[in-house]
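structure for this input, please:
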Amino acid sequence: MMILPYGKTGMPFEEGDAPVLYSRISELKSDVAGKELVKRALEHPIGSPRLKDLAKGKKTCCFLISDHTRPVPSKDIVPLMLDEIREGSPDIDLFFLVATGCHRSTRPEELRAKLGDEIFENEKILIHDCDSEDNIRVGVLPSGAPLIIDKKALEADLLVAEGFIEPHFFAGFSGGRKSILPGICARVTVLGNHCGEFIDSPYARTGILENNPIHTDMVSAVRQAGLDFIVNCVIDENKDTAMAFAGDPILAHEEGCRQLLKYCRIEAEASDIVVTTNGGAPLDQNFYQCVKCMTAAEAALNEGGVIIALSECADGIGGDDFYAQMSGPETAQELYDSFLKVPMDETPPDQWQSQIFARVLAHHPVIVVTRPELREVVENSKCLYAATADEALAMAKEIRGKDAKVTVIPDGVSVMVEMKK
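Next up, the predicted model:
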């Protein structure tokens, strides 16, 4: 019996003798606290002067922070970055800008939990609105999409960001440049970057940056926005800081990705059934997000193999547009093909998530384990519903046979799966 990540509590699962695939992040356990790792990174920035030196002479600072969907260890990062900035410019006028992208606004209680009482109560905190008329056009991205960015960030003398790096199912890795795009961009910019053509690219996959058109756009956005400095962390299975990288937004992020790849790449033999999760809260907070873990399972399956995805979905669906798309055409292949016909400048909200979901469903039955209130949503989205992981496994074996080979990937978001040759 094992406990799979599910919400904040977990869910029991009788895995039998099934192989269990973990990233090697647990090997990154440090003998020092997360704040010390961040401190060392700040003292030895990659491709950049010290943050305190960049802050000298600056009158205003916009500090980009992640939103409620990202388990960034902000309490390790933010206080130390604040200290450095104010050491360099004691009277600097600093504000936080929550990089929500196209997500809902982060709630006050979520910000307090993220930043701690002292920072929450004493610092100015603003939230990006991707639909605000105050967003400003800066230029054009390599894709041809207009680059429109939050005015508040552009007007600051110093622009810095926190973040964390993990495998990302179409951007290659999270972190770094994502603080700008999608973090503080207008909706039209995000939609252009996430268009059907780019999502269809074989390079828009977990762990791939080179030739990834989505990543190329994001790097361009960082340069045009003038992001000055980042601190990004890698977190372990307990969501504690395991590594920290600071400095130039492109170079520091690339180094973090290189180091993480050593620990998150795993080899798997093809299976008939893969059981996986989004790593529990906060990344399994809605149905929209749970497609991420499905891509890890997809990479470890035979054609027609069954995916079992556990996701508590405490916030429900996570996107009305996403749900409308998923419950649209009769088959997943029809849905996928329809996305490829949509021009870049007409990309509807959430198409990218639906497109990847449709790609998975076109080749694999998916059983979603979630709260019973969401059964209708799951079934209308061309998936099967189960109340528990064990129930889902029984259903999967009815599809693939009682002797079907089973693999468990407890945290599908944290790994890059490669099939053994």
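
domain ranges for this protein, per the record?
For the chain, automatic domain parsing gives the domain ranges 2-19+269-419, 27-263.

show me the shaky parts of this structure.
Flagging of the chain using pLDDT under 70 yields the residue ranges 421.

wait, Val160 sits on Ser48?
No - look at Val160 against Ser48 with C-beta atoms under 8 Å: they stay out of range, at 10.7 Å. For glycine as for every other residue, the C-beta is placed from the backbone atoms N, C-alpha and C.

more crowded one of the two?
Legend: neighbour count by other C-beta atoms under 10 Å for Val160 and Ser48, higher for Val160 (26 against 17).

picking up where we left off before, please enumerate the shared neighbours of Val160 and Ser48.
Residues touching both Val160 and Ser48 (C-beta atoms under 8 Å, 6 or more residues apart in numbering) are Phe229.

does Arg50 touch Glu43 like I think?
Yes - using C-beta under 8 Å, Arg50 is in contact with Glu43, at 7.5 Å.

can you pull out the strands in the stretch 151-300 of the chain?
Taking DSSP state E, counting those that start in this stretch to define them, one finds strands in the stretch 151-300 of the chain at 158-164, 167-168, 172-173, 229-235, 241-247, 265-268, 271-277.

buried deepest among those, which one?
strand 271-277 (a mean of 28; mean count of other C-beta atoms under 10 Å).

CA atoms of that strand as CSV?
Output in CSV follows, covering the C-alpha atoms of strand 271-277 (Å, rounded to 0.1, in the frame of the first residue of the first chain):
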residue,chain,number,x,y,z
SER,A,271,3.2,-0.2,-19.9
ASP,A,272,-0.5,-0.9,-20.5
ILE,A,273,-1.7,1.2,-17.5
VAL,A,274,0.0,4.2,-15.9
VAL,A,275,-1.2,5.6,-12.6
THR,A,276,-0.1,9.2,-12.0
THR,A,277,-0.9,12.5,-10.3
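
any chance of the strands of the stretch 151-300 of the chain in JSON lines, with distance to Leu111 too?
Shown next, in JSON lines, are those (distance: least, C-beta to C-beta, whole Å):
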{"stretch": "strand 158-164", "distance to Leu111": "13"}
{"stretch": "strand 167-168", "distance to Leu111": "24"}
{"stretch": "strand 172-173", "distance to Leu111": "25"}
{"stretch": "strand 229-235", "distance to Leu111": "18"}
{"stretch": "strand 241-247", "distance to Leu111": "20"}
{"stretch": "strand 265-268", "distance to Leu111": "34"}
{"stretch": "strand 271-277", "distance to Leu111": "26"}
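
of all those strands, which lies closest to Lys124?
strand 158-164 (14.7 Å; C-beta to C-beta).

so what strands line up beside the closest one?
Strands flanking strand 158-164 in the sheet, each with its direction: strand 60-66 (parallel), strand 229-235 (parallel) (DSSP bridges).

residue contacts, Val72?
Neighbouring residues of Val72 by C-beta under 8 Å, 6+ apart: 65-66, 114, 162-164, 233.

distance of it from Leu126?
Per C-beta to C-beta, to the nearest Å, Val72 is found 18 Å from Leu126.

I'd like the next helix or strand past the longest strand along the chain.
Counting residues, the longest strand found in the chain (DSSP state E) is strand 301-310. Downstream of strand 301-310, the first helix or strand assigned by DSSP states H and E is helix 320-326.

buried set for that following helix?
Under the neighbour-count criterion of 16 or more other C-beta atoms under 10 Å, helix 320-326 has 321-323, 325-326 buried.

quick one: contacts of that helix?
287-288, 317, 335, 348-351, 353-354, 357-358, 377, 380-382.

okay, and which of those residues map to helices?
Counting by DSSP state H, the contacts of helix 320-326 place 335, 351, 353-354, 357-358, 377, 380 in helices.

in PyMOL, how would I select the buried members of these?
Here is the PyMOL command that selects only those of the ones in helices among the contacts of helix 320-326 that count as buried (16+ other C-beta under 10 Å):
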select buried, resi 335+351+353+354+357+358+377
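
quick check: closest non-adjacent residue to Asp350.
Excluding the flanking residues, the one nearest Asp350 by C-beta to C-beta, 6 or more residues apart in numbering is Phe322, at 3.8 Å.

distance check, the one you found against Pro349.
According to C-beta to C-beta, Phe322 stands 8 Å off from Pro349.

ok, so of the contacts of helix 320-326, who is nearest Thr106?
Tyr288 (16.2 Å).

grab the nearest non-local neighbour of the closest one.
Gly318 (3.1 Å).

and the one you found, what does it touch?
Gly318 sits next to 285-289 when contact means C-beta under 8 Å, 6+ apart.

same thing but 7 Å
Contacts for Gly318 (C-beta atoms under 7 Å, 6 or more residues apart in numbering) come out as 286-289.

count of residues packed around the closest residue to Ala314 other than its chain neighbours?
If the residues on either side of it in the chain are set aside, Ala314 comes closest to Gln285, at 5.2 Å by C-beta to C-beta, 6+ apart. Around Gln285 there are 21 other residues, counting by other C-beta under 10 Å.

same question for Ala33.
12.

tell me the phi and psi of it?
Backbone torsions for Ala33, taken as degrees, to the nearest 10, come to phi -70, psi 160.

same deal with Arg400?
Torsion angles, degrees, to the nearest 10, at Arg400: phi -100, psi -10.
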